[in-house]
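Peer 1: Got a predicted structure here, sequence first:
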Amino acid sequence: MRNALIIFLAAVAVRAQVSVLTYHNDLARTGQNQSETALTRAAVSSGRFGKLFAQPVDGSVYAQPLYVPGVFIPGKGPHDVVYVATEHDSVYAFDADQASGVDAQPLWHVSFINPGGGITTVPASMVDCDQIVPELGITGTPVIDPSSGTLFVVATTLENGVYTHRLHALDITTGAERAGSPVEIQASVPGTGEGGSTVTFHAAAYKQRPGLLLLNGQVYTTWSSHCDIGKYHGWVMAYDVKTLRQTAVYNNTPNGNQASLWAAGAAPAADSSGNIYLVSGNGSFDAEDGGADVGDSFTRLSTANGLRLADYFTPFNVEQLNDQDLDIGSSGAVLLPDSVGSAAHRHLLVSAGKEARIYLVDRDNMGHFHSGSDSQIPQSITGAIGALFGIPAYFNNTVYFSGSGDHLKAFSIDNAQLSNSPTSMSAEAYTYPGSTPTISSNGTADGIVWAMEGNNGGTLHAYDASNLSRELYSSGNRAADAPGSYVKFSSVTVANGKAYVGTQNSLVVYSLPAGGTANAFRIQNAASFSLGPAAPGEAVALFGNFGAPATVAQPGALPTWLAGVTVHVNGVLAPLYYVGPSQINLQVPFETAAGSASIVVSVGGIDIANGTVTVQASAPGLFEYGAGRAFVVNQDGTFNGPNQGAPVSSIATAFVTGQGAVTPAVATGATAPMKPLAQIDLSRVQVTVGGQAAQPTFVGLTPGFVGLCQVNFRIPQVSPGDHTLVITIDGARSDSETMTTAKP
């Protein structure tokens with residue numbers, strides 16, 4: 001049962017919180033977080049939203065901050081953590097919610113330099129390029145693998161005069177290097193090259209500018225040059241996440257020159273089939289004649305067998321774009337959902353470049369090159385935006401662009417066509433380089449567009465996503481909210497009630513004060529996270545803006561006070577599993593009567609939120625073990641799964657919360673006893689597997705746990721494979737989850 005305890009505590013603690021593990025939030029690079037409940041439009045525009053705190057760092061933050069909730073830091077307990085990488089070759093882990101007391105210091109900090117040993121960052125003067133000053137260290141946004149708790153990052157160092165890149169794999173709980181980490185970046189591919197048949201990656205000619213991509217067990221790094229100096233190419237390199245062994249290399253101009261991968265820091269996009277989408281800068285192009293050079297092009301790389309060019313689109317005026325330095329490589333690709341496509345063009349990507357032309361490209365048939373026009377792609381729009389230095393964002397049938405010297409603009413999209421002119425725009429125009437917009441929302445409601453502007457040392461803006469002329473917040477309206485400095489191409493991270501901004505010397509955090517959304521929280525079953533009535537003894541989750549530090553109760557009987565938080569249900573103190581800035585998990589007291597029950601949340605003795613919940617006899621919710629799969633233990637003790645089904649006629653065990661009253665009664669907050677077992681009459685319970693009745697053999701509280709009910713049942717005569725599991729108690733039906741059965 002030890003594994004069950006781990007899963008149970010994880011499920012009732014942080015499962016519903018949002019993580020930001022990669023650049024622009026997802027592999028499509030849409031920039032949207034559709035699970036933000038605290039930062040509503042009303043809350044952000046209320047005058048209460050503002051700068052919460054800042055944490056100093058040792059260099060400029062070009063990389064987007066990443067966020068993971070509920071990380072157990074050895075010796076420091078659970079924390080919601082924000083990870084920050086700097087050009088001074090440092091990675092920091094900060095508490096994401098506060099900067100006071102012990103959390104005033106980083107949870108951990110690692111540095112990849114050792115000046116005493118001759119290892120430093122690279123001075124910008126050494127590369128004769130002022131794009132990143134005064135030093136080069138970590139530029140591309142790292143990526144986090146949640147399954148192993150590993151952060152991957154590329155650091156550039158000068159080691160006794162030798163320019164070096166290394167890929168590091170760090171434990172997110174300590175910052176320690178994983179086994180086999182780091183590895184030095186080296187590569188070569190066949191081609192004409194300077195000296196014959198091989199093109200070699202010369203470390204000093206490159207910086208790792210775009211964010212990292214984690215895809216199907218591989219970490220991909222992509223590379224750009226220092227300004228437009230010397231001989232260089234656009235490289236893509238793949239590394240195995242477990243061993244860091246290099247598994248594939250691609251060069252987009254093996255027989256030519258240039259075509260660097262810039263994308264203003266945007267990471268490559270990827271689809272569910274494992275294809276990677278890149279946008280290259282100025283460079284050689286001969287693909288229309290059967291060559292391998294695809295400068296100034298949108299490309300699709302297949303990862304099925306290494307890295308291989310599978311398709312491309314090159315603008316009709318590619319020679320002009322090259323000659324006038326108006327390449328499309330100043331931005332990255334955003335993959336759009338199928339819902340905005342058409343029958344002819346279901347899978348789309350969108351981007352733009354320095355020429356300020358918007359491209360809508362069919363990912364399945366990218367169009368290659370046509371002289372005279374771009375008529376082979378779904379759409380090309382000129383003159384609608386400024387030159388784009390940063391990736392667009394997508395939300396709710398709308399694409400958002402923030403061009404240089406132009407307003408932030410929204411374009412609607414439907415049936416594979418963008419509106420030819422913006423549907424709304426910001427009142428102010430942004431100076432160079434524009435901004436990289438990101439989106440927060442609660443589903444399709446309360447959409448907010450966030451953007452960092454470079455004027456006046458940097459300004460954070462928030463706009464109504466449905467009408468950009470309505471500005472909800474500007475840090476420029478209050479001197480205390482100023483970020484203090486600005487880094488170009490900044491991408492704001494918004495997660496769990498806070499906005500995180502990297503600057504030239506700090507991480508700046510914006511939020512509502514504790515209680516900023518009083519009377520505005522939702523109540524859900526802590527297993528299924530479904531809305532609806534609760535039952536006495538059920539583990540439930542409250543979601544709102546509570547401002548408490550992330551804290552998990554120790555195994556055993558639950559406390560009614562945790563990190564300064566108390567919750568009363570009908571005047572009775574509720575036992576607490578977990579408290580955090582935007583989530584509180586508690587047990588509904590067994591003595592709560594049926595009907596409407598009041599809930600009052602207090603922090604530090606001050607009531608900050610209140611609401612009500614309907615209580616009924618039972619309200620079962622199934623615990624999951626992976627998305628959409630019920631947490632079921634087979635009779636032999638193994639976890640039920642696609643490769644480990646429960647045999648017909650065997651006894652399996654599922655876990656729920658919300659079963660209601662048990663006999664004999666168990667005190668609220670107490671662990672269930674081994675003797676006598678606290679159970680419910682089997683006549684109250686129905687179990688179905690694949691729609692067929694399954695005989696329950698025991699239903700009751702799991703000994704040693706609080707609020708966890710196990711349902712033992714016999715697998716009916718169903719065919720081997722995946723089936724839906726549903727548990728009904730007192731007529732209240734659980735959510736439907738998947739389990740697997742096997743032959744007897």
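Peer 2: Looks like it arrived, so ask away. Keep in mind that what you see is a predicted model, and the values were worked out from it rather than measured. Numbers count the residues shown, from 1 in each chain.

Peer 1: ranges for the helices of the stretch 101-250 of the chain?
Peer 2: Ranges of helices in the stretch 101-250 of the chain, per DSSP state H, counting those that start in this stretch, are 124-127.

Peer 1: give me the low-pLDDT residue ranges for the stretch 101-250 of the chain?
Peer 2: Where the stretch 101-250 of the chain drops to pLDDT under 70, the residues are 192-196.

Peer 1: And for the chain?
Peer 2: 1-17, 192-196, 514-520, 626-627.

Peer 1: Now do the helices in it.
Peer 2: All helices of the chain, identified by DSSP state H, fall at 2-13, 41-44, 124-127, 318-323.

Peer 1: What sits closest to Leu586 if chain neighbours are left out?
Peer 2: Distances taken as CB to CB, 6 or more residues apart in numbering place Ala574 nearest to Leu586, at 4.2 Å, with adjacent residues excluded. Glycine gets a C-beta too; all of them are placed from N, C-alpha and C.

Peer 1: quick one, what contacts the one you found?
Peer 2: By CB atoms under 8 Å, 6 or more residues apart in numbering, the residues touching Ala574 are Thr560, Val567, His568, Leu586, Gln587, Val588, Pro589, Thr668.

Peer 1: ok, now with 6 Å
Peer 2: By CB atoms under 6 Å, 6 or more residues apart in numbering, Ala574 lies in contact with Val567, Leu586, Pro589.

Peer 1: same question, Asp325
Peer 2: With contact taken as CB under 6 Å, 6+ apart, Asp325 is in contact with no other residue.

Peer 1: any idea how far Gly70 is from it?
Peer 2: 47 Å (CB to CB, to the nearest Å).

Peer 1: do Arg29 as well
Peer 2: 26 Å.

Peer 1: Same check on Arg629?
Peer 2: 21 Å.

Peer 1: And Gln554, by the same measure?
Peer 2: 15 Å.

Peer 1: Number of residues surrounding Ala499?
Peer 2: By other CB atoms under 10 Å, the residues close to Ala499 number 28.

Peer 1: go on, the one 5 residues further on?
Peer 2: Counted with other CB under 10 Å, the neighbours of Gln504 add up to 18.

Peer 1: isn't it right up against Pro483?
Peer 2: No: using CB atoms under 6 Å, Gln504 makes no contact with Pro483, being 9.4 Å away.

Peer 1: Mind listing the residues bridging to Ala93?
Peer 2: Tyr83, Trp108 (DSSP bridges).

Peer 1: Arg29 and Gly70 - which one has more neighbours?
Peer 2: Arg29 (29 against 20).

Peer 1: The more buried one: what's it in contact with?
Peer 2: When contacts are counted by CB under 6 Å, 6+ apart, Arg29 touches Ala269, Val334, Ile391.

Peer 1: From Ala263, how far out is the first one?
Peer 2: With the distance defined as CB to CB, Ala269 ends up 10 Å from Ala263.

Peer 1: now swap in Ser90 and tell me
Peer 2: 24 Å.

Peer 1: Which of the contacts of Ala574 has the largest number of neighbours?
Peer 2: Counting neighbours by other CB under 10 Å, Leu586 leads those with 31 neighbours.

Peer 1: Common neighbours of Gln504 and Pro483, please.
Peer 2: By CB under 6 Å, 6+ apart, no residue touches both Gln504 and Pro483.

Peer 1: Pull out the buried positions in stretch 317-335.
Peer 2: 317-318, 321-322, 326-335 (16 or more other CB atoms under 10 Å).

Peer 1: Quick one: end-to-end distance for it.
Peer 2: Between the start and the finish of stretch 317-335 there is a gap of 24 Å, counting by CA to CA, to the nearest Å.

Peer 1: starting at the chain centroid, how far to it?
Peer 2: Distance of stretch 317-335 from the chain centroid (CA atoms, centre = their mean, to the nearest Å) equals 28 Å.

Peer 1: ok, now how distant is Gly502 from Ala427?
Peer 2: Distance from Gly502 to Ala427, by CB to CB: 26 Å.

Peer 1: Would you mind telling me which of the two has the busier surroundings?
Peer 2: Between Gly502 and Ala427, counting by other CB under 10 Å, Gly502 is the more crowded of the two (29 against 11).

Peer 1: Apart from its chain neighbours, what residue comes closest to that one?
Peer 2: Spatial nearest neighbour of Gly502, excluding adjacent residues (CB to CB, 6+ apart): Val61 at 2.8 Å.

Peer 1: list the contacts for that neighbour?
Peer 2: By CB under 6 Å, 6+ apart, Val61 lies in contact with Val84, Thr86, Val487, Gly502.

Peer 1: The third one and Gly59 touch, don't they?
Peer 2: No: assessed by CB under 6 Å, Val487 is found out of contact with Gly59, at 10.1 Å.

Peer 1: Strands - which of the contacts of Ala574 land there?
Peer 2: Using DSSP state E, the subset of these located in strands is Val567, Leu586.

Peer 1: Let me know the closest of the contacts of Ala574 to Ser302.
Peer 2: Nearest to Ser302 among the contacts of Ala574 is Leu586, at 49.3 Å by CB to CB.

Peer 1: Give the full set of residues in contact with that closest one.
Peer 2: The contact partners of Leu586, taken as CB under 6 Å, 6+ apart, are Val567, Ala574, Leu576.

Peer 1: next one: Phe713
Peer 2: Val687, Ala694, Pro696 are the contacts of Phe713 under CB under 6 Å, 6+ apart.

Peer 1: Kindly recompute the last result at 8 Å.
Peer 2: Contact analysis of Phe713 by CB under 8 Å, 6+ apart lists Ile651, Ala652, Thr653, Ala654, Val687, Val689, Ala694, Gln695, Pro696, Thr697.

Peer 1: what do you get for Asn255?
Peer 2: Gly191, Thr192, Ser284, Asp286, Gly291, Ala292, Asp293.

Peer 1: Let me have the residues you listed in a markdown table, extended by neighbour count.
Peer 2: Formatted as a markdown table, these follow (neighbours: other CB atoms under 10 Å):
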| residue | neighbour count |
| --- | --- |
| Gly191 | 19 |
| Thr192 | 12 |
| Ser284 | 21 |
| Asp286 | 14 |
| Gly291 | 14 |
| Ala292 | 18 |
| Asp293 | 24 |
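
Peer 1: Tell me the one among the residues you listed nearest to Thr728.
Peer 2: Closest to Thr728, out of all of the contacts of Asn255 and judged by CB to CB, is Ala292, at 61.4 Å.

Peer 1: Need phi/psi at the nearest residue to the closest one once chain neighbours are set aside.
Peer 2: In space, and not counting its chain neighbours, Ala292 is closest to Pro254: 5.4 Å by CB to CB, 6+ apart. Phi and psi for Pro254, reported as degrees, to the nearest 10, are phi -70, psi -20.

Peer 1: rewinding a little: so what sits against both of Ala269 and Ala263?
Peer 2: Shared contacts of Ala269 and Ala263 (CB under 8 Å, 6+ apart): Gly332.

Peer 1: Which of those two has more residues huddled nearby?
Peer 2: Set side by side, Ala269 and Ala263 show more neighbours around Ala263, with 32 against 28, by other CB under 10 Å.

Peer 1: Who are the contact partners of the more buried one?
Peer 2: Arg209, Pro210, Thr222, Leu278, Val279, Gly329, Ser330, Ser331, Gly332, Ile391.

Peer 1: In strands, which of the residues you listed appear?
Peer 2: Going by DSSP E, the strands hold Thr222, Leu278, Val279 from those.
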